[in-house]
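Visitor: Dropping a prediction and its sequence here:
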Amino acid sequence: MTAEYKVHGDVAVITLNNPPVNGLGYATRTAITSGLDQANADPAVKAIVITGAGKAFSGGADIKEFGSPKAGAEPNLLSVILALEASAKPTVAAVHSVCMGGGLELALGCSYRIAAPGTNVALPEVKLGLIPGAGGTQRLPRVLGVEVALNMIVSGEPVKSEMLAQIPGQRLFDKMAASPESLAEEALAYARSVADVRPMPLVRNLPCKHPLGDAYFQFARNMVKGMAKNFPAPAKCVDAVEAATKMKFNDGMANELQIFTALMLTPESRALRHLFMAERAASKIADVPEDTPKREIKAVGVIGAGTMGGGIAMNFLNAGVPVTMLEMKQEAVDRGVATIRKNYESQVKRGKLKQDKYDQRMALLKTTLDYGDLKDADLIIEAVFEEMGVKQKVFEKLDEVAKKGAILASNTSTLDVDKIAAFTKRPEDVVGLHFFSPANVMKLLEVVRGKKTAKDVMATVMGAAKKIKKTAVVSGVCDGFIGNRMIEQYSRQAGFLLDEGATPAQVDRAVEKFGFAMGPFRMGDLAGNDIGWAIRKRRATEIADMKYSRTADKLCELGRFGQKTGAGWYDYQAGKRDAIPSELVVKMIEDYRKEQGITPRKISDEEIVQRLVFALVNEGARILEDGIAARASDIDMVYITGYGFPIHRGGPMLYADQVGLFNVVQAMKRFQQNPRDDAKFWEPAPLLAKLAAEGKTFS
C-alpha cells in the first residue's frame, strides 16, 4: 500500500508512503480516498490528519506514471481534492520537508494546514512548461495574496515554510510546529482542537482580489514577457491567476484545466518534460546496478593549472573536497592559483559567495611540482595538452605513483581513452572525464567509458558528478565522443555555407534566431579557432578524404584565432566581447570563392538552420547505432547542457522527432543533390532511415 491508515484515539492518520517523495500516483490517490471513506464511516473518529512518510510530505505527480494511462485515471488529483473538501470531518495536512506541486495542491484542499519549519514549498510546474493543474493557481492566491502566489507560480522556486508563515494575513499555514520531530504530535493535538468547529473552512471560499486589478496584471505580463521569451507557460500563469480574481471559483478551475491541457500539447512543454526525464535517465547505466559499491573520494589530484585544470579544481573545492594541483613550473602554479582566486573574488564582490566560504575553499587547495604528492589521491584528473604523447607521459607517471584503487581520469575532448588506459597496468581504473570550458560553470560532464573501465569506477564517477553538481552523460570511446563528434559535422556545414554565399554574421544570426546561445562562428572565436585547426591537421593524415571548406584554415593562417588574439571570424575591441563583422574576413571568403570558381547564391535562414541542425541529427543517429550513446535523450542532454542548444526545442534528437523524421530524411535527400556539399555525409543514417520509414521517433 502506498498510503497507510491508522487511528490514534479519535484522530485518523493517513500517511503517504510512496518513496522517494511520496508521488501522487494512482495507487496513492486511491489509498487516500479509501482512507477518507474509512475515517468518515468510523463514529469514533472526529478528525483526519494527512501526512507523508520519510523525507517528504509529497513532491506532487508520480514521475514514474508520466504519459501513462494511470496518470489521469480516476480518482485523479482533482477528484481526491474534491473528496477532501466534501469530507464530513475536518482534515489537517501535516506538511514537512517537501510540499510541492500536487502535494501543495492536496494540502490546499484540506480544512487546515500545520507545517514543520524548513519545509520547501513550491508549485514548480512552470519548469515543465505547464501551469499547476489541480487548483494551484486558484487556491494559492486565496491563502497568500495574489502577488506572493503569482511570484511563486511564475518562478516555480521553493520557499521555506517559516518565510511564508510570516506573511501578514496569510492563511496557508494555520499553525507552525515547533520542530520537524514534534510535527506528528502537534498535528494530532491541533486536529483534536478543531474537531468540533463548524462550518469547516475551505480555501475555495476565501476572497481573491488585487487592489490594482488590471494594472497589476498588465505589469506582471510585461515582466514575464521579458524573462520567458521562448516559453508560453509563464504568461499563462498570469492569465490563470488573474482568472482567480475575476471568475467564480469553479469557472476559474475550469479555466485552469483548459490552459493546463493546452500547454501539455505545446512543443515547449514536451521539450521541458523530455529534458526532465532525460536528466534522470542519463544518470542510469544499464549494466551498472544502482547498488554497485562506490569507491571513496576524499581527496582529488588535478594535473595542470591552466584554465581547464583550475576550473576542474574549483568544482571539487566548491563541494568541500581537498584538491592537490600539480604543475611543472612554479610560475604556472602561481598563475593557476591567481585565476582561481580571481574567480572566487568576483563571486564575493557580486554577493554570490560569503568571505568565510571563500577562505574555506582556498584552504582546501594544495599545489605541488612533485608527482609524489598525489600518492594519497582517490581520484586524479589530468588536464594537460590535447596530444597523445603528452598524455602518455602523464599516465605512465601516474601508474607509478598513484595508490592502488585510485581512479585515473583524462579530461581529453577527442582522444582514444582505451589507448590512454593502455599506458597503465590498471586500465580498469582509467576513465574519461570530459569537462566543458569554463569547467567551474558548464553543467555538462561527458563520462567516457573505456573497454576495460570497471563498473565500480563508473558508479563512483557518476556519484562524484552529482556531488559537484554536474549533469553526467556516459559516452563510449570514439573520436570526439558524443558532443565533439557531432559538432564537427555542424562546423563543416557552416564552412560549406560560407563557400556557397553566406557570411559568418548571417549564419550566426540565423541559428541564434532559432534559439542557439551563439552561432558557430562566434562559438569558434570564443573557443579558439586554432583548436579546430589542430584537429583538421590531424584528420588530414587519418581521414584523407574528409571534405572541408578551406576558409577556416585560411583564417588561422592569418593568425586570427578568435577573442584571445582580438581577431577571428569577427573583429574585437580590447576588453570587450562584442563580435564586429570583419570586412577583411568577408573579402578573404570572396577571394576564396573566386579561386574555387564558385558563384555565390542567396541562402535562406531556413536552409542554414536545417543544414546545421540536421547535420547534428544524422551524426547523432550514427552515434546511437554505434552504441556510443545509450539513448537519444542522452544526446539531447549533451547538447542542451554543453553546446547551447535551445532548451525550448528539447535537443537535436527531440527536435527531429517534432519536425517529423520523414521530413528530416526528405531534407537530407535535397542536401545530397548540392554539388558543393558532402553527398556521402547526407546519406541518412540507417537507424534514422528505418525509424522514418516505420513512422517512429527517436524518443
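Guide: On my side now, so go ahead. Computed from a predicted model, the values in this text were never measured in an experiment. Residues are numbered from 1 along each chain as shown.

Visitor: what's the pLDDT at A494?
Guide: A494 carries a pLDDT value of 97.

Visitor: for the helix or strand that contains it, packing partners?
Guide: Element membership of A494 [criterion: DSSP states H and E] is helix 483-500. Judged by 3 or more C-beta pairs under 8 Å, 6 or more residues apart in numbering; DSSP states H and E, helix 483-500 is in contact with helix 504-514, helix 520-527, helix 551-557, helix 583-596, helix 605-625, helix 632-642. C-betas here are computed from N, CA, C, even on glycine.

Visitor: For the closest residue to C556 other than its chain neighbours, what are phi and psi?
Guide: On the basis of C-beta to C-beta, 6 or more residues apart in numbering, the spatially nearest residue to C556 that is not a chain neighbour turns out to be W533, at 4.3 Å. Phi and psi for W533, reported as degrees, to the nearest 10, are phi -60, psi -50.

Visitor: ok, W533 - contacts?
Guide: W533 makes contacts with A552, D553, C556, as judged by C-beta atoms under 8 Å, 6 or more residues apart in numbering.

Visitor: Tell me how far the last one lies from T307.
Guide: Per C-beta to C-beta, to the nearest Å, C556 is found 20 Å from T307.

Visitor: go on, the second one?
Guide: For D553, the distance to T307 equals 25 Å [C-beta to C-beta].

Visitor: could I get the contacts of W533 as CSV with pLDDT, neighbour count and distance to I14?
Guide: Converted to CSV, the contacts of W533 look like this (pLDDT from 0 to 100; neighbours: other C-beta atoms under 10 Å; distance: C-beta to C-beta, whole Å):
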residue, pLDDT, neighbour count, distance to I14
A552, 94, 21, 65
D553, 92, 16, 70
C556, 94, 21, 68
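
Visitor: Including distance to Q218, could the residues you listed go into TSV?
Guide: As requested, the contacts of W533 are arranged in TSV below (distance: C-beta to C-beta, whole Å):
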residue	distance to Q218
A552	49
D553	54
C556	52
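
Visitor: just the residues you listed now: which is nearest L369?
Guide: C556 (33.4 Å; C-beta to C-beta).

Visitor: residues touching that closest one, list them.
Guide: The contact partners of C556, taken as C-beta under 8 Å, 6+ apart, are N529, D530, W533.

Visitor: what angle sits between the helix holding A494 and helix 504-514?
Guide: Orientation check (axes from the mean of the first three to the mean of the last three C-alpha atoms, to 10 degrees): helix 483-500 against helix 504-514 gives 130 degrees.

Visitor: relative orientation of helix 483-500 and helix 605-625 in degrees?
Guide: Using the same axes, to 10 degrees: helix 483-500 against helix 605-625 is 150 degrees.

Visitor: thinking again about what came up before, just the helices and strands packed on helix 483-500: most buried one?
Guide: Neighbour counts (mean count of other C-beta atoms under 10 Å) averaged over each of the helices and strands packed on helix 483-500 peak at helix 632-642, with a mean of 26.

Visitor: For it, which outside residues touch it?
Guide: Contacts for helix 632-642 (C-beta under 8 Å, 6+ apart): 274-275, 277-279, 281-282, 436, 442-444, 446, 471, 473-474, 482-483, 486, 616, 620, 623-624, 629, 645, 647, 650-654, 698-699.

Visitor: Among the residues you listed, name the ones in helices.
Guide: Of these, the ones assigned to helices by DSSP state H are 274-275, 277-279, 281-282, 483, 486, 616, 620, 623-624, 652-654.

Visitor: Nearest to A83 among those?
Guide: M277 (29.8 Å).

Visitor: got a list of what that closest one touches?
Guide: I63, F66, S633.

Visitor: How about E446?
Guide: G432, L433, H434, A472, V473, S475, F481, I482, G483, V638, G642 are the contacts of E446 under C-beta under 8 Å, 6+ apart.

Visitor: thinking the third one is in contact with F481, fair?
Guide: This points to H434. Yes. In terms of C-beta atoms under 8 Å, H434 counts as a neighbour of F481; the distance is 6.3 Å.

Visitor: okay, and the common contacts of these two?
Guide: With C-beta under 8 Å, 6+ apart, H434 and F481 have common neighbours S413, E446, V448, S475.

Visitor: Show me where the stretch 101-250 of the chain has its helices.
Guide: 102-108, 136-144, 146-155, 161-165, 183-194, 214-227, 233-246, 249-264 (DSSP state H, counting those that start in this stretch).

Visitor: Let me know which of those helices is tucked in deepest.
Guide: Once neighbours are counted as mean count of other C-beta under 10 Å, the most buried of the helices of the stretch 101-250 of the chain proves to be helix 102-108, having a mean of 28.

Visitor: before we move on, the earlier item: just send the contacts of M277 back as JSON lines, with pLDDT too.
Guide: As requested, those are exported to JSON lines (pLDDT from 0 to 100):
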{"residue": "I63", "pLDDT": "79"}
{"residue": "F66", "pLDDT": "75"}
{"residue": "S633", "pLDDT": "97"}
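
Visitor: Can you tell me how far P438 is from I487?
Guide: The value you get for P438 to I487, if C-beta to C-beta is used, is 18 Å.

Visitor: ok, those two, which is more surrounded?
Guide: I487 (22 against 13; other C-beta atoms under 10 Å).

Visitor: Tell me how this protein divides into domains.
Guide: 3-264, 300-475, 483-693 (automatic domain parsing).

Visitor: May I have the distance across the longest one, first residue to last?
Guide: The one in question is domain 3-264. Start-to-end span of domain 3-264 (C-alpha to C-alpha, to the nearest Å) is 28 Å.

Visitor: same question, the shortest one
Guide: Criterion C-alpha to C-alpha; first-to-last residue distance in domain 300-475 is 23 Å.

Visitor: So, low pLDDT: which residues of this structure?
Guide: 540, 543-544 (pLDDT under 70).

Visitor: same thing but at 50, please
Guide: Applying pLDDT under 50 to the chain picks out no residues at all.
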